[in-house]
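K.L.:
sequence first, predicted model second:
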Amino acid sequence: MPTVHSATYDLLRRQGLTTVFGNPGSNELPFLKNFPADFRYVLGLHEGVVVGMADGFALASGHPALVNLHAAAGSGNAMGALTNAWYSHSPLVLTAGQQARSMMGVESMLANVDAPQLPRPLVKWSYEPSCPEDVPRALSQAIHTANLPARGPVYVSIPHDDWGHAVDDDAALLSTRQVTSAAQPAEAQVEALAERLNAARNPVLVLGPDVDAYGANALAVALAERLNAPAWVAPSASRCPFPTRHASFRGVLPAAIQGISDRLAGHDLIVVIGAPVFRYHQYAPGRYLPDGAELVHLTCDMQEAARAPMGDALVGDIHATLEALVPRLPQSDRARPEPLPRPEPQVDPEGLLTPETVFDVMNALAPEDAIYVKESTSTVTAFWERVEMRHPGSYFFPAAGGLGFGLPAAVGVQLARPERRVIGVIGDGSANYAITALWSAAQYRIPVVFVILKNGTYGALRWFSRLLDAEDSPGLDVPGLDFCALAKGYGVEAVAVSARHDFETALQTALEDDKPRVIEVSTTTIEP
Ligand SMILES: Cc1ncc(Cn2c(C)c(CCOP(=O)(O)OP(=O)(O)O)sc2=O)c(N)n1
Ligand SMILES: [Ca+2]
């Protein structure tokens, strides 16, 4: 007779979720016992690391990832990482152990009181099965809910005395289910979009993370070339949807209402693809659109479409829609955009490196298909100007700006993409939120190159403090951190550098190694 335990592992195996990212408690042991030999468990020492690794793994692989957390305390620790997974449309299947059913009501230790409520609103669906026999079906619903557009995290709480319960043979019907979506816009919808583009005098593209998530980067290039239109990356970029040295590439839009309108002034049609409209950040009120401009928005996420403050929107599959759209457009006779000029090298002060130099060296030495996991807020602009990214899946940044993503996500990305080198570019502030990810990288010998930019301060907050007239705020500096000692403590080799040649040597050595390494670089602080 199959049990909840055996039926669940059959389901997970057939649905391709054989890597479990977790941090266990007693509630989880009945799920983890008799752990199948064809499954892999990746331990994180904090649940923010567990979810961060799973997030990087899911985003880089394009498939759902399974997470197993401890009840309330474990799930609570994961909430910060969930903010990023929610906004990056990351298909995470979070499971959490619950106290035994008869012990929940008295709120005994490790009872997850009102479990489904805890992760809301950062999950698409949250559930605790009402009886043990429903656990396999609930997990099947969780997998498909996470994976259907718009993709996103889900949460299932499972009492630990459910796993041994018998289930009937029909539970096996779950494991072979294939649930997919077409989301192909109708002929008339594609035609209407084509007509609008054809009628535009001076269209501009604004491309978001879901272009990269749907593998539609080449279609975005084809669209830009067919229109001879400039292509901006949508603000607060969490992925790279367009080759950064292409002639149409114009950089990342500022995350400010008036700033965006200023950059897009003169265009009569703004075509936003695969991004919310928009992920503003600093409060800089202004006009949502430049004079004379209209906006049309293609998104996979109905909530993005519904909540936008302006424009028309079409909800559909990004890849399928562009595939249907591009052939309908005649080759424009507009002048092709001129490539952006290359930035000048920066002069480094004695004993420090500018972030610009760090990125110039990275661009020179890293493989052309390197993957960057970025979490140093003040250096984002300099990075996009100086580091070339041309392949899909080359860049990941916390989609909600929730720090503690970078280190673990870099581990998860490298686990998903062993054929490409992953370089984590992490601020000395951000590095502390999930520093224990270094232990997982060492334990599982996941060869991420962690470059920690040490400017001794929360650089982005220094900038914000000026913007918000709060420059006398306390708590903006992080002096006295020794990331070589910290890395050593977690089993990762590390070196500290403060001169260009030393960084070149350290980076080259790390790129040639098959184990993780930390490079602590003393840098100046720059404006975001
Ligand atoms: C979990 C969490 N805590 C606090 C913040 C606030 N915060 C903080 C603390 C920043 C400073 C980041 O400093 P860094 O050293 O990582 O990078 P820079 O010096 O390049 O800004 S940026 C920012 O939004 C956050 N975004 N997420
Ligand atoms: Ca810093």
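P.N.:
Right, received. Where do you want to start? Ligands and ions are numbered 1, 2, ... in the order given.

K.L.:
next, count neighbours for the nearest residue to Glu294 once chain neighbours are set aside.
P.N.:
Residue nearest to Glu294 in three dimensions, not counting chain neighbours: Leu269, with 5.6 Å by C-beta to C-beta, 6 or more residues apart in numbering. Heads up, the C-betas are built off the backbone N, CA and C, glycines and all. Using other C-beta atoms under 10 Å, Leu269 has 20 neighbouring residues.

K.L.:
residues contacting Leu269?
P.N.:
Residues counted as contacts of Leu269 (C-beta atoms under 8 Å, 6 or more residues apart in numbering) are Arg196, Leu197, Ala200, Arg201, Asn202, Pro203, Val204, Ala293, Glu294, Leu295, Val296.

K.L.:
so in terms of bridging, what pairs with the nearest residue in space to Ser376 that is not next to it in sequence?
P.N.:
In space, not counting the residues next to it along the chain, Ser376 is nearest to Gly427; the distance is 3.5 Å by C-beta to C-beta, 6+ apart. Gly427 has these beta-bridge partners by DSSP bridges: Leu453.

K.L.:
show me what contacts Gly427?
P.N.:
Contact analysis of Gly427 by C-beta under 8 Å, 6+ apart lists Glu375, Ser376, Thr377, Ser378, Thr379, Ile452, Leu453, Asn455, Tyr458, Gly459.

K.L.:
show me those that map onto strands.
P.N.:
Among these, DSSP state E puts Glu375, Ile452, Leu453 in strands.

K.L.:
quick check, nearest of these to ligand 2?
P.N.:
The shortest approach to ligand 2 among the ones in strands among the contacts of Gly427 belongs to Leu453, at 6.3 Å (C-beta to the ion).

K.L.:
how many neighbouring residues does that closest one have?
P.N.:
By the criterion of other C-beta under 10 Å, Leu453 has 28 neighbours.

K.L.:
which of the contacts of Gly427 come close to ligand 1?
P.N.:
Near ligand 1, judged by C-beta under 6 Å from any ligand atom, the entries from the contacts of Gly427 are Ser376, Thr377, Ser378, Thr379, Asn455, Tyr458, Gly459.

K.L.:
need these in TSV (columns: distance to Arg13, neighbour count and pLDDT).
P.N.:
Shown next, in TSV, are those (distance: C-beta to C-beta, whole Å; neighbours: other C-beta atoms under 10 Å; pLDDT from 0 to 100):
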residue	distance to Arg13	neighbour count	pLDDT
Ser376	39	29	96
Thr377	40	21	91
Ser378	44	24	96
Thr379	42	26	97
Asn455	47	23	98
Tyr458	44	23	97
Gly459	46	26	95
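
K.L.:
burial of Val20, as a residue count?
P.N.:
By other C-beta under 10 Å, neighbour count at Val20 equals 23.

K.L.:
list the contacts of Leu227.
P.N.:
Counting by C-beta under 8 Å, 6+ apart, Leu227 touches Leu197, Pro203, Leu205, Leu329, Ser332, Arg334.

K.L.:
distance check, the residue nearest to Glu294 against ligand 2.
P.N.:
Per C-beta to the ion, to the nearest Å, Leu269 is found 39 Å from ligand 2.

K.L.:
one more: Leu481?
P.N.:
10 Å.

K.L.:
now for the ones next to ligand 1 among the contacts of Gly427, which pair is the farthest apart?
P.N.:
Greatest spatial distance among these (C-beta to C-beta): Thr379 and Tyr458, at 12.6 Å.

K.L.:
all good on my end, thank you.
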